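> Need a 3D model of the following:
(one chain, ligands or ions: 1)
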Amino acid sequence: MRIGLLASGRGSNADAILSAIAEGRLDAQAAVLICDRAAEAVSVAQRHGVPARLMLRRDYPDRVAQQTAMRDALLAADVDLVALAGFAAILEPVMVDAFEGRILNIHPSLLPSFAGSVAPGPQAAALRAGVKLAGCTVHVVTAEVDAGPIVGQAAVPVLLDDTVESLAARILAEEHRLYPQVLQWFVEGRVTISHGIARVRPRDEPANLRPERRPPGDRRWFPRS
Ligand code: GRF
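Have a look, this model is predicted:
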């Protein structure tokens, strides 16, 4: 499976995914990392020997044109799956439609709680709400922000003396563990989505849609209802 990464910031999730590939815990290839800001994520890709593309907003007339170019770059790199790894922009239909059901995002809260803002907004909102458990979610991206099928979650305790920074760091450690794991479930063809609900098939349960039954050229790895 060829993964395309989109990032806007420090790139620690991209680093976790690329390290998992390098260490053989994620059986995939990183085809390209596209960054929409001059950010650390570019050097993360370079350090891992992954082609990095900088596609800045100011180089395009508008966001749709920028994301159209990103879509074309992902298609040219022949990616099967797109992983948003700290990508700060909302995806335009031009992107969501091109990779329908094949774009994943990681969000630093237990969705559907604290959806709709970027880090550290969700972590701060968790502290303000006084929740006792916080965490992160990997979900499939749909047109509605942070509302697509939830594939995996990890929870952490919220401690009495937590600050936004300490809570964000505890959640981030789980993000780095969860994201490569969820991607590997996709590689293994164990994720199915039906009526907006994702299900991860246990390893020993036979798939209901065997790869050889798929129409030629159909590169989806899970059936959609
Ligand atoms: C993470 O908290 C992630 O959950 C959110 O953006 C942040 C990205 O961090 N979507 P990094 O760039 O991967 O370090």
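
> Could you look up the SS state of the residue in the chain that the ligand sits nearest to?
As assessed by Cβ to the nearest ligand atom, the ligand sits closest to Gly86 within the chain, at 2.6 Å. C-beta coordinates here come from the backbone N, C-alpha and C atoms, glycine included. In three-state terms, and counting by DSSP: H, G, I helix; E, B strand; the rest coil, Gly86 is coil.

> So the closest residue to it other than its chain neighbours, which state does it fall into?
Closest residue to Gly86 apart from its sequence neighbours, by Cβ to Cβ, 6 or more residues apart in numbering: Gly9 at 4.6 Å. State at Gly9, reduced to three classes by three-state DSSP: coil.

> What count of nearby residues applies to the residue of the chain closest to the ligand?
Gly86: 24 surrounding residues under other Cβ atoms under 10 Å.

> Assess the claim that it and Ala119 are in contact.
Yes: taking contacts as Cβ atoms under 8 Å, Gly86 lies within contact range of Ala119: 7.5 Å.

> Once you drop chain neighbours, what's closest to the spatially most central residue of the chain?
Taking Cα atoms, centre = their mean, the centroid of the chain lies closest to Asn105, which sits 2.9 Å from it. Of all residues beyond its chain neighbours, the one nearest Asn105 is Leu84 (4.2 Å), with distances taken as Cβ to Cβ, 6+ apart.

> neighbours of the one you found, just the number please.
25.

> ok, now the one 4 residues further on?
Using other Cβ under 10 Å as the criterion, Ala88 is surrounded by 14 other residues.

> if I look at Ala83, how far off is His139?
To His139, Ala83 is 12 Å away according to Cβ to Cβ, to the nearest Å.

> between the two, which one's more packed in?
Between Ala83 and His139, counted using other Cβ under 10 Å, the more crowded position is Ala83 (29 against 24).

> Which elements pack onto the helix or strand hosting that one?
Ala83 belongs to strand 81-84 when assigned by DSSP states H and E. Where contact means 3 or more Cβ pairs under 8 Å, 6 or more residues apart in numbering; DSSP states H and E, strand 81-84 is packed against strand 2-7, strand 103-107, helix 164-187.

> quick one: strands adjacent to it?
Using DSSP bridges, strand 81-84 pairs in its sheet with strand 2-7 (parallel), strand 103-107 (parallel).

> residues from the protein in reach of the ligand?
Residues of the chain found near the ligand (Cβ under 6 Å from any ligand atom) are 7, 9-13, 85-86, 106-108, 119, 136, 172, 175.

> now the end-to-end length of stretch 157-169.
One end of stretch 157-169 to the other measures 12 Å (Cα to Cα, to the nearest Å).

> nope, stretch 115-130 is what I meant
Note: stretch 115-130 ends 16 Å apart using Cα to Cα.

> Okay, buried residues for that stretch please.
Ala115, Gly116, Ser117, Ala119, Pro120, Pro122, Gln123, Ala124, Ala125, Ala126, Leu127 (16 or more other Cβ atoms under 10 Å).
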